[in-house]
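Enquirer: Generate a structure from the sequence data that follows.
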Amino acid sequence: MKPLRTAACLLALLLPFAAIAQSAQAPRMPSEPAAATLPAWDQLTPDQREALIAPVRERWNDSPQERARMLDHARRWKTMPPEERERARRGMRRFEEMSPEQRERARAIFEQTRTMTPEQRQAFRDRWKKMSPEQRQEWLRSQPAPSKP
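Expert: Numbers count the residues shown, from 1 in each chain. Sure thing, here's the model as predicted:
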């Protein structure tokens, strides 16, 4: 009887930890019905609107030197076709998932190619694909350090 009681107590103690572990491993996907039932902007409450706008307001106020860039980005975003917006979102997600070293490499390549014509950029990509990993590392070392965002 005592081993059964001990086992029951251990099980009772471990169940909350198992639930926490299970919820930590389960991917948190937004549910489609909940997303579909969210109201349009005009139907949001003032508190909901404030929750959405507050981070942008903080970035705007905290970085006066970045205001022109932020406004330019907002204007360009507004004029982008939906496919281009989605491609930009995928790129942002890919960048966020990169390691710090990969981000530095991406910044160096971006700085090098941002002023190139499309033809020059394609030629660069072709050269990059043909480089060995050592040649790529040497190229990265030879580039000036990109400015941090």
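
Enquirer: Packing partners of the helix or strand hosting Glu111?
Expert: Applying DSSP states H and E as the criterion places Glu111 in helix 100-113. Using 3 or more Cβ pairs under 8 Å, 6 or more residues apart in numbering; DSSP states H and E, the elements in contact with helix 100-113 are helix 118-130, helix 133-142. Placement of C-beta: from N, CA and C, glycine included.

Enquirer: how about those, which one is nearest Ala68?
Expert: helix 118-130 (25.5 Å; Cβ to Cβ).

Enquirer: Any buried residues in the closest one, and which?
Expert: Within helix 118-130, no residue counts as buried by 16 or more other Cβ atoms under 10 Å.

Enquirer: Report the distance from it to the chain centre.
Expert: 26 Å (Cα atoms, centre = their mean, to the nearest Å).

Enquirer: do stretch 133-143 as well
Expert: For stretch 133-143, the distance to the chain centre is 26 Å (Cα atoms, centre = their mean).

Enquirer: ok, and what's touching that stretch?
Expert: Contact partners of stretch 133-143, identified using Cβ atoms under 8 Å, 6 or more residues apart in numbering, comprise 104-105, 108, 111-112, 128, 131.

Enquirer: With stretch 56-66 instead?
Expert: Outside stretch 56-66, the residues that reach it (Cβ under 8 Å, 6+ apart) are 67, 70.

Enquirer: That stretch - what's its average pLDDT?
Expert: Averaging pLDDT along stretch 56-66 gives 93.
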